[in-house]
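Student: Provided below are the primary sequence and the corresponding predicted coordinates.
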2 protein chains.
Amino acid sequence: MKIGLDIMGGDYAPKATVLGAIAACKSLAEGQKLVLIGDQAVALEILQENNFSADNFEFVNTTEVIGMGEHPTKAIVQKPDSSISVGFNLLKEGKIDAFSSAGNTGAMLVGSMFSVKTIPGVQRPAMTTIVPKLKGGLGILLDVGANADCKPEVLVQFGVLGSLFAQSVYGIENPRVSLMNIGEEEEKGNLLCQATYPLMKETTLFNFVGNVEGRDLFNDSADVYVCDGFTGNVILKMAESFYVITIKKGLKDEFFDRFNYEQYGGSPILGVNAPVVVGHGISSPEAIKNMVLLSKNMVETGLVDKVKQAFQ
Amino acid sequence: MKIGLDIMGGDYAPKATVLGAIAACKSLAEGQKLVLIGDQAVALEILQENNFSADNFEFVNTTEVIGMGEHPTKAIVQKPDSSISVGFNLLKEGKIDAFSSAGNTGAMLVGSMFSVKTIPGVQRPAMTTIVPKLKGGLGILLDVGANADCKPEVLVQFGVLGSLFAQSVYGIENPRVSLMNIGEEEEKGNLLCQATYPLMKETTLFNFVGNVEGRDLFNDSADVYVCDGFTGNVILKMAESFYVITIKKGLKDEFFDRFNYEQYGGSPILGVNAPVVVGHGISSPEAIKNMVLLSKNMVETGLVDKVKQAFQ
């Protein structure tokens, strides 16, 4: 298995990414190799500084970098030798089995749709995040920003994607899928939720358990929380800010500790023809390591094939 | 001034409401009188138990109660002698100057629109909540659930309502009004936000400061946060759950203390022809007291007249 990593992506790249690659490398089994995509000379320097043999990795040298603030589509087109563009080409050609980056999220989304493309039958890929549960364990929230406006059928598909992801990668059996709403009753909500509920209620594609509300995100009401990308993005950023506030205030608690994005590595893009993970811009080496290991898990569990089967 | 209070509304009514009325009564100036609307015999009993003279209040006896789970429109029509229906009749007839209840939120919303009616020019009334700021002080979030689906023009009107409320009741000069979105740039967001931003940018009705994100809710980016009622309701309930979690975990901090809804009393319904406040279902006597005092402040500051002028 070859696991591609964009070493130029993220606010602290390439140092944090190469250090993360070293850490990830130590967790890989035989036959699993990390492919570092980016400025090879700089990577070699960092490896040497850390007395870690370059033989542990494969390298694909690139000469361009897509900045965090660049327009995704333009950047992908105008910078063919950027680490993100090259990474997606390698993924498309099957030269790597997974690709992850803590760089420009939009470019990762556009890149995955342009290169490996959306799985036939999937209307829109979704980005997910992990939400820690108070009683322990975790839930999956999607979409968190790939699709600001969604149709009811698209939310139903997110239910399928989230359910398969929860089951394959996190071992949650028969995941309880919920619809994020503003009331428990079937008829509650905005027009989108009102149209989505009956579709989810009828579907045999996942285990629908009904509506949940903002207050249910951290309790044990469900394993998968489905919403449009606007709502999910607001939730995600608000949860992050709470975590940051608890840190700033020196409030230590194992529940809040589990908000730390570093543990989860990143947000997978579900519904495309290969494992792709996008890391947080501020990714530390620990976060990069876990992003790489998450992309590896997605390969090992055959998540993409499971999604393909579900949408056949 | 006569301040109407539904003593039958809320999970702990009538005990919590009558005790709250006693507490509020002690904060009122001469010429300000509380009108207790509900089961007079029960109220008199509670007052006697607490050695508080009934002469401090006026009473309007009612024989029916709208339950928390009842369908708002049906309940208002089918229970004309309910405390909420009677309260709105008194408000409409000018026999009370403000009305508040910790009862059925939907019935309060429908009741206010049926009785005192929406202010001419206001497309949709909005419900607001207070968000504490990390640095101290507070912000206003609206809508938090009255309108699950909104048009761009309606969000602009929420900006006007929120701005006037922040200025009149909380003394915030030239309030900074923001649009809750998923990115800072003008072109970001769902279709609703993309259509709303240019309208807000052009308006001279309030001080628009641009987009904010979920992470900005508790910092000092803005004084008023405008969103549709779906997004606002998810935010509100998520913030409440965070507060409950910090309480359960015994985390004491002055910032989290300021999430306590009891201090703010309730959510005003802005855009109707009289001051109306809806309390939290679980309102304690302290919350009831502050709900009453908030409705009194809305009368004293002439908020409704200011809104009428703005929409002339």
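Tutor: Received, thanks.
Student: which residue packs closest to residue A:88, ignoring adjacent ones?
Tutor: Spatially, and ignoring its direct neighbours in sequence, residue A:88 is nearest to residue A:115 (3.7 Å; Cβ to Cβ, 6 or more residues apart in numbering or on different chains). C-betas here are computed from N, CA, C, even on glycine.
Student: is it true that residue A:269 touches residue A:111?
Tutor: No: Residue A:269 lies out of contact with residue A:111 (Cβ atoms under 8 Å); the separation is 9.5 Å.
Student: is the helix or strand of chain A with the lowest mean pLDDT anywhere near chain B?
Tutor: One helix or strand of chain A scores below all others by mean pLDDT, DSSP states H and E: helix A:254-257, with a mean of 88. Yes: using Cβ under 8 Å from any Cβ of the partner chain, helix A:254-257 reaches chain B at residue A:255.
Student: now do the next helix or strand after that helix: everything it contacts.
Tutor: From helix A:254-257 onward toward the C-terminus, using DSSP states H and E, the following helix or strand is strand A:267-270. For strand A:267-270, the external contacting residues (Cβ atoms under 8 Å, 6 or more residues apart in numbering or on different chains) are A:108-109, A:112, A:125-129, A:142, A:144, A:146, A:161-162, A:164-165, A:169, A:275-279, A:294-295, A:298, A:303, A:307.
Student: how many residues are close by residue A:29?
Tutor: For residue A:29, the count of nearby residues is 8 (other Cβ atoms under 10 Å in any protein chain shown).
Student: assumed it was part of a strand.
Tutor: No: checked against DSSP: H, G, I helix; E, B strand; the rest coil, residue A:29 lies outside a strand; its state is coil.
Student: any idea of the pLDDT on it?
Tutor: Note on residue A:29: pLDDT of 94.
Student: and if you look at residue A:210?
Tutor: On the pLDDT scale, residue A:210 gets 98.
Student: is it in a helix, a strand, or coil?
Tutor: Taking three-state DSSP, the label given to residue A:210 is strand.
Student: try the one 10 residues further on
Tutor: Three-state call for residue A:220 (three-state DSSP): coil.
Student: doesn't residue A:135 make contact with it?
Tutor: Yes: the pair residue A:220 and residue A:135 passes the contact test of Cβ under 8 Å, sitting 5.6 Å apart.
Student: which one's more surrounded, the two?
Tutor: Neighbour totals were compared for residue A:220 and residue A:135, and residue A:220 leads with 13 against 9 (other Cβ under 10 Å).
Student: what sits against that one?
Tutor: Taking Cβ under 8 Å, 6+ apart, we find residue A:220 in contact with A:133, A:134, A:135.
Student: so which of those residues also contact chain B?
Tutor: Within those, those near chain B by Cβ under 8 Å from any Cβ are residue A:134.
Student: dump the contacts of residue A:220 into CSV; add distance to residue B:63 as well.
Tutor: Shown next, in CSV, are the contacts of residue A:220 (distance: Cβ to Cβ, whole Å):
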residue, distance to residue B:63
A:133, 46
A:134, 43
A:135, 45
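Student: and the contacts of residue A:220, which is closest to residue A:252?
Tutor: Set against residue A:252, the nearest of the contacts of residue A:220 by Cβ to Cβ is residue A:134 (16.0 Å).
Student: model confidence score at that closest one, please.
Tutor: For residue A:134, the pLDDT comes out at 93.
Student: mind saving the C-alpha coords of the helix or strand encompassing residue A:165 as PDB?
Tutor: Here residue A:165, judged by DSSP H and E, is contained in helix A:152-170. In PDB, the C-alpha atoms belonging to helix A:152-170 read as follows (Å, rounded to 0.1, in the frame of the first residue of the first chain):
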ATOM      1  CA  PRO A 152     -33.300  16.200   0.300                       C
ATOM      2  CA  GLU A 153     -31.900  13.300  -1.800                       C
ATOM      3  CA  VAL A 154     -28.400  14.500  -1.200                       C
ATOM      4  CA  LEU A 155     -29.000  14.500   2.600                       C
ATOM      5  CA  VAL A 156     -30.200  10.900   2.300                       C
ATOM      6  CA  GLN A 157     -27.000  10.000   0.400                       C
ATOM      7  CA  PHE A 158     -25.000  11.600   3.200                       C
ATOM      8  CA  GLY A 159     -26.800   9.200   5.600                       C
ATOM      9  CA  VAL A 160     -25.500   6.300   3.500                       C
ATOM     10  CA  LEU A 161     -21.900   7.800   3.300                       C
ATOM     11  CA  GLY A 162     -21.800   8.500   7.100                       C
ATOM     12  CA  SER A 163     -23.200   5.200   8.000                       C
ATOM     13  CA  LEU A 164     -20.700   3.300   5.900                       C
ATOM     14  CA  PHE A 165     -17.800   5.400   7.200                       C
ATOM     15  CA  ALA A 166     -18.900   5.000  10.900                       C
ATOM     16  CA  GLN A 167     -19.200   1.200  10.400                       C
ATOM     17  CA  SER A 168     -16.000   0.600   8.300                       C
ATOM     18  CA  VAL A 169     -13.500   3.000   9.900                       C
ATOM     19  CA  TYR A 170     -14.800   3.200  13.500                       C
END
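Student: pull out the buried positions in the least confident helix or strand of chain A.
Tutor: Judged by neighbour count (16 or more other Cβ atoms under 10 Å in any protein chain shown), helix A:254-257 contains these buried residues: A:255, A:256.
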